[in-house]
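Chemist: Got a predicted structure plus its sequence, pasted below:
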Amino acid sequence: MVQPAKEDHMLWLGDFNRYHPLWDKDHNNHLFMTAALEASGKLLELVADYGMDQALPKDIPMLQSSSTCNWTCPDNTFCTEHTSNVIISCKMAPERRGPKMDHVPILTTLDLSTPVSTKNPAWNYCSMDWDKFWSTLNDTLTSSIGPPQILETSKEFQVAARKLDEVLHHTVETAIPRTHPHTKRWWTKDLTKTVDELKELHKMAYKYRALPEHMVHTQLKEKENALSNEIQKIKEDHWKDWLNDMTGTDIWIAHRYISNLGGNGGKTRIPTLQKTNLEGQTTQATTNKEKSEILAQALFPPPPATTTVPTDYLYPEPAEKWTEITWDQLT
């Protein structure tokens with residue numbers, strides 16, 4: 001079941017790709033065609049059946065067409081009626097719009113009491129400033145322990161070891177940054193700075209969306225192109241550096257990356273398919289269209305030239321009368 005109990009919370013969010021006067025701007029009436037309204041009607045039926053509320057207000061621009069630069073509202077957020085009480089805010093975030101992306105992200109803040117993980121991220125020794133580390137360690141050793149001296153008793157040794165351990169922990173906490181578990185390995189500080197600048201341009205472009213000739217739109221496109229090119233270059237350099245420095249065990253990882261023709265390193269749902277024609281030539285299908293054609297030919301072959309069904313064959317009475325599939329069955 002979609003909602004096992006009535007007290008359970010339920011959220012519908014994403015690109016529904018539906019245009020309707022209930023959430024889109026009135027000047028976009030050219031989108032309210034009969035087919036579009038019928039498609040939206042099916043969504044509204046589900047919204048009514050499950051008692052969903054629209055979290056985003058009407059007339060909130062969500063998508064800017066890359067060709068006409070017109071703003072529309074195909075995205076949306078629906079929630080159950082009692083979920084509205086725990087929604088703190090539901091708004092657009094134009095500053096988080098990615099380079100060359102037409103959709104604007106939707107930020108929904110919920111007031112849910114969830115346990116917070118107390119585990120601290122690991123130390124990032126690769127990005128640490130060694131000059132700062134040695135300077136901090138030297139100053140802390142001088143102020144906490146003092147100059148070197150001979151340890152004559154076991155008690156003096158234990159005290160000195162405890163103080164040295166405290167100094168090392170304090171220096172590590174002060175001079176070494178923490179790792180960010182979701183940060184990409186090839187990401188750099190310069191990219192972070194460029195992304196921050198891009199966020200400000202997205203804010204300005206969203207603010208002046210009614211003025212398509214404003215200079216901020218040109219600056220935004222230039223900054224997006226520069227960021228995309230820089231990311232591509234850094235990825236290539238990171239890949240080359242990893243190949244040059246890899247060890248024996250990394251060879252198998254590199255082989256898996258290269259041999260996987262799927263693309264982004266993840267497991268492909270349908271691998272590359274091969275087809276052999278009548279002449280014995282083998283071709284590979286890598287795109288979705290080519291794979292679909294091969295699967296269609298294999299699963300749905302053409303009918304034979306001559307039928308094997310006897311002429312005027314008397315079929316038995318059907319067990320049940322055929323009926324159309326209803327929306328309740330689909331739900």
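Modeler: Thanks, I have it.

Chemist: from here on, contacts and neighbour counts on C-alpha atoms
Modeler: Will do.

Chemist: residue ranges for the helices of the stretch 51-200 of the chain, please.
Modeler: 130-144, 154-175, 189-207 (DSSP state H, counting those that start in this stretch).

Chemist: Which stretch among those helices is buried most, on average?
Modeler: helix 189-207 (a mean of 16; mean count of other CA atoms under 10 Å).

Chemist: Tell me which other helices or strands that helix touches.
Modeler: helix 215-245 (3 or more CA pairs under 8 Å, 6 or more residues apart in numbering; DSSP states H and E).

Chemist: Where does pLDDT dip in the chain?
Modeler: Along the chain, the model assigns pLDDT under 70 to residues 1-4, 114-120, 180-183, 260-269.

Chemist: Report how many residues lie close to P99.
Modeler: 19 (other CA atoms under 10 Å).

Chemist: can you check the one 4 residues further on too?
Modeler: Neighbour count for H103, taken as other CA under 10 Å: 20.

Chemist: measure L22 to C69 for me?
Modeler: Separation of L22 from C69 (CA to CA, to the nearest Å) stands at 22 Å.

Chemist: same thing with S292?
Modeler: Taking CA to CA, one finds S292 at 34 Å from C69.

Chemist: cool, D250 as well?
Modeler: 46 Å.

Chemist: likewise D15?
Modeler: Applying CA to CA to D15 and C69 gives a distance of 18 Å.

Chemist: just W239 next, same as before
Modeler: 36 Å.

Chemist: cool, P94 as well?
Modeler: For P94 relative to C69 (CA to CA), the value is 15 Å.

Chemist: which one of those two has more residues nearby?
Modeler: More crowded of P94 and C69, by other CA under 10 Å: P94, with 22 against 13.

Chemist: Let me see the contact set for W23.
Modeler: By CA atoms under 8 Å, 6 or more residues apart in numbering, W23 lies in contact with P57, K58, D59, I60, C73.

Chemist: now the farthest one out in this protein, which residue is it?
Modeler: Going by CA atoms, centre = their mean, the residue of the chain most distant from its centre is E152, 61.4 Å out.

Chemist: need the contact list for that one.
Modeler: Applying CA under 8 Å, 6+ apart, no residues qualify as near E152.

Chemist: got the contact list for stretch 227-238?
Modeler: Taking CA under 8 Å, 6+ apart as the rule, stretch 227-238 contacts P99, W186, W187, L191, T194, V195.

Chemist: quick one on the thing from earlier: export the helices of the stretch 51-200 of the chain to CSV and tack on distance to L107?
Modeler: Putting the helices of the stretch 51-200 of the chain into CSV (distance: least, CA to CA, whole Å) gives the following:
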stretch, distance to L107
helix 130-144, 38
helix 154-175, 33
helix 189-207, 15
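
Chemist: thinking again about what came up before, which pair in the contacts of stretch 227-238 spans the largest distance?
Modeler: P99 and W186 (17.6 Å; CA to CA).

Chemist: who wins for proximity to V86 among the helices of the stretch 51-200 of the chain?
Modeler: Closest among these, once you apply CA to CA, is helix 189-207, at 27.2 Å.

Chemist: for the closest one, the distance to its chain's centre please.
Modeler: Offset of helix 189-207 from its chain centre (CA atoms, centre = their mean, to the nearest Å): 19 Å.

Chemist: about what we covered before: now flag whichever of the contacts of stretch 227-238 is closest to D8.
Modeler: P99 (36.9 Å).

Chemist: Spit out the contact partners of the closest one.
Modeler: P99 touches E224, N225, L227, S228, counting by CA under 8 Å, 6+ apart.

Chemist: do that again at 6 Å, thanks
Modeler: By CA atoms under 6 Å, 6 or more residues apart in numbering, the residues touching P99 are E224.

Chemist: how far away is L63 from M101?
Modeler: Taken as CA to CA, the span from L63 to M101 is 9 Å.

Chemist: Out of these two, name the residue with the larger neighbour count.
Modeler: Remark: of L63 and M101, L63 carries more neighbours, 19 against 13, as counted by other CA under 10 Å.

Chemist: partner residues bridging that one?
Modeler: Counting by DSSP bridges, L63 is bridged to T72, H103.

Chemist: In this model C69 seems to touch it, though I could be wrong.
Modeler: No: at 9.0 Å, L63 does not count as touching C69 under the criterion of CA atoms under 6 Å.

Chemist: how about stretch 308-321: buried residues?
Modeler: For stretch 308-321, the neighbour count (16 or more other CA atoms under 10 Å) marks no residue as buried.

Chemist: Please apply the same query to stretch 211-226.
Modeler: V216, H217, L220, K221, K223, E224.

Chemist: quick check, nearest of these to D8?
Modeler: So of the buried residues of stretch 211-226, ranked by how close each gets to D8 (CA to CA), first place is E224, at 41.4 Å.

Chemist: The residue nearest to the closest one when sequence neighbours are not counted and E222, how far apart?
Modeler: What sits nearest to E224 in space, not counting adjacent residues and going by CA to CA, 6 or more residues apart in numbering, is P99, at 4.8 Å. Distance from P99 to E222, counting by CA to CA: 10 Å.

Chemist: same question, I231
Modeler: Going from I231 to E222 by CA to CA gives 14 Å.
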